[in-house]
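Chemist: just to be clear, the model below is a prediction. Sequence and coordinates:
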Amino acid sequence: MGKSGTGGIERLEQQFFALLRSGLWNKAIDVTLFEGEVAWRNLLEMGQKQTVLGVLADGIEKLPVAYRPPLSEIRWLQMQVVAMKRHYVLLNHTLKEISKDLRTAGIHAVLLKGQGVAQYYRYPEQRQCGDIDLYVSSEEYVQACNVVRNYGIATGEESENRAHCHFSRNQVIVEVHRLVTYSDDPFMDCKLQGIVNRYFQNTLSYKVLAETDIWLPPINFNAFYLFFHLVKHFIMEGVGLRQICDWALFLHVHQREIDKKQLLDDVRSVGMLKLWKIFGCIAVNYIGLPMEEFPGFQSVAEKRVRRVINLIFYVGNFGHYTPQNGTRPANYYKGKLYSFHKRYWWKRQIMPLCPMLIGRWTFFSLFHSIKVVLLHR
């Protein structure tokens, strides 16, 4: 959806971003955008698909009562917000308990993403949260997995891959990472691990989550990592606006602490400068981050930015809402073929944005997928 569509779609998008910016930055809304009939159900569905419904709820509260949604929509929204708050409390409780167990075992884990960036929102409990991601050193990885395995009650499937162990405990997903991040492209991965090692070798540069003793990554690394992580998901299957909001808020809060030259050098070293500029335009022109707070801001052709915005709205958070997705077959090989077709379609949509980077990414990801299928793991 975008400016190439009908006037109704343009207005709907304007309303959506007005509410989003208001909720993020605590700013007044242009109420003239909400005069006349408003497609509230469509707006709320957009917020749900982009996992920013809690932020929209805050924006809606800033509208005069006469401009707000009908009572039925308000009640539905309130139910969603209550569920978010409950899950937020559950995640915080689980995080504190697991962190305590890890420290008792002599392991000090680093919290990645999630609750670590929720603190930058006006109302952290209204950020739609997902799981808990903890990074530990390779020497402590097996022991850390055992600590989490012995915590609580298993409430879902649990598995392990080359990067992390995936647990479902007390209705909360917990992932223990031995790698902060990685790439299937061995050349990019070499650069990535170099960046990780440079930042993580000095524990004095770690930060601490407010009102806890839980470690957070170094600020400059997080500015890079939040971007890399959202781009990684964007290239793989699609990404929601929540990840861009996380990143924009982080850049805003830590604008004076970030070494902008080093950050841009890190982005350039992994070949993502083109996408940095595109997502920077989205962060500034759509999300509302002040231009001077974005490192190395440069305007990009609006056609390219609109392409990304349209795709984000089309597929939703992590590509879960792609209309032609259908249901993944239960059969192992048919399921893999389904995933291949889905990702091949997606790569065709995004390839023109950065052909060299996305082309390499696609090649090495395909090679890895074939290896997984042949080895059946």
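Modeler: Structure received. Note that the structure is predicted; figures quoted are calculated from it, not measured. Residues are numbered from 1 along each chain as shown.
Chemist: count of residues packed around the residue lying closest to P70 once chain neighbours are set aside?
Modeler: Take P70 and drop its neighbours on the chain: the residue closest to it by C-beta to C-beta, 6 or more residues apart in numbering is W40, 6.8 Å away. Backbone N, C-alpha and C define where each C-beta goes, glycine included. Residues near W40, counting by other C-beta atoms under 10 Å, number 19.
Chemist: now do W40 against Y344, distance only.
Modeler: 36 Å (C-beta to C-beta, to the nearest Å).
Chemist: just V174 next, same as before
Modeler: V174 is 32 Å from Y344, where distance means C-beta to C-beta.
Chemist: which of the two has more neighbours?
Modeler: V174 (24 against 11).
Chemist: and the more buried one, what does it touch?
Modeler: 94, 98, 131-132, 134, 148, 151, 166-168 (C-beta atoms under 8 Å, 6 or more residues apart in numbering).
Chemist: recalculate using a threshold of 10 Å.
Modeler: Residues near V174 by C-beta atoms under 10 Å, 6 or more residues apart in numbering: 91, 94-95, 98, 131-134, 148-149, 151-152, 158, 164-168.
Chemist: correct me if wrong, but it is in a helix.
Modeler: No: remark: V174 does not belong to a helix; assigned using DSSP: H, G, I helix; E, B strand; the rest coil, it is strand.
Chemist: picking up where we left off before, pLDDT wise, what is the residue nearest to P70 at?
Modeler: On the pLDDT scale, W40 is placed at 98.
Chemist: give me the phi and psi for it.
Modeler: W40 adopts backbone torsions of phi -60, psi -40, taken as degrees, to the nearest 10.
Chemist: my guess is it contacts L63. True?
Modeler: No: assessed by C-beta atoms under 10 Å, W40 is found out of contact with L63, at 11.0 Å.
Chemist: overlap of the contact sets of those two?
Modeler: Common neighbours of W40 and L63 are listed as 34, 69 (criterion: C-beta under 10 Å, 6+ apart).
Chemist: the closest residue to Y120 other than its chain neighbours: which element?
Modeler: Nearest non-adjacent residue to Y120, counting by C-beta to C-beta, 6+ apart: L249, 4.0 Å away. According to DSSP states H and E, L249 maps onto helix 241-253.
Chemist: quick check: mean pLDDT across that helix?
Modeler: Mean predicted lDDT for helix 241-253 stands at 98.
Chemist: could we number from 241 for the rest of this?
Modeler: Got it, first residue is 241 now, which makes that one helix 481-493.
Chemist: just how off-centre is the following helix or strand past that helix within its chain?
Modeler: Downstream of helix 481-493, the first helix or strand assigned by DSSP H and E is helix 500-509. Distance, stretch centre to chain centre, for helix 500-509: 20 Å (C-alpha atoms, centre = their mean, to the nearest Å).
Chemist: show residues contacting helix 500-509.
Modeler: Contacts of helix 500-509 (C-beta under 10 Å, 6+ apart): 428, 431-432, 434-435, 438-439, 459-461, 463-465, 467-468, 471, 491, 499, 512-517, 534-536.
Chemist: now a PyMOL select for only the buried ones of the contacts of V414.
Modeler: Written as a PyMOL command, the selection of buried residues from the contacts of V414, which uses 16 or more other C-beta atoms under 10 Å, is:
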select buried, resi 331+334+335+338+371+372+373+374+388+391+392+404+405+406+407+408
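Chemist: hang on, the earlier thing: drop anything exposed from the contacts of helix 500-509.
Modeler: Of the contacts of helix 500-509, these count as buried by 16+ other C-beta under 10 Å: 428, 432, 435, 439, 459-461, 463-465, 467-468, 471, 491, 512-517, 534-535.
Chemist: so which of the contacts of V414 belong to strands?
Modeler: 372-374, 404-408 (DSSP state E).
Chemist: closest to E451 among those?
Modeler: Lowest distance from E451 to these (C-beta to C-beta) belongs to I372, with 16.7 Å.
Chemist: what bridges to that closest one?
Modeler: On the basis of DSSP bridges, I372 is bridged to V414.
Chemist: surely it and A358 touch.
Modeler: No: with contact defined as C-beta under 10 Å, I372 does not reach A358; the gap is 11.4 Å.
Chemist: what do the two both touch?
Modeler: Common contact partners of I372 and A358 (C-beta under 10 Å, 6+ apart): 331-332.
Chemist: flag the shaky bits of this protein, pLDDT-wise.
Modeler: Applying pLDDT under 70 to the chain flags residues 241-249, 444, 564-566, 572-573, 575-578, 612-617.
Chemist: show me what the longest helix belonging to it is packed against.
Modeler: Ranked by number of residues, the top helix in the chain under DSSP state H is helix 311-344. When contacts are defined as 3 or more C-beta pairs under 10 Å, 6 or more residues apart in numbering; DSSP states H and E, helix 311-344 packs onto helix 280-289, helix 293-301, helix 355-358, strand 372-375, helix 381-389, strand 404-409, strand 412-417.
Chemist: let me have the ones you listed in JSON lines, adding distance to D453 as columns.
Modeler: Formatted as JSON lines, the helices and strands packed on helix 311-344 follow (distance: least, C-beta to C-beta, whole Å):
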{"stretch": "helix 280-289", "distance to D453": "34"}
{"stretch": "helix 293-301", "distance to D453": "27"}
{"stretch": "helix 355-358", "distance to D453": "13"}
{"stretch": "strand 372-375", "distance to D453": "14"}
{"stretch": "helix 381-389", "distance to D453": "16"}
{"stretch": "strand 404-409", "distance to D453": "21"}
{"stretch": "strand 412-417", "distance to D453": "18"}
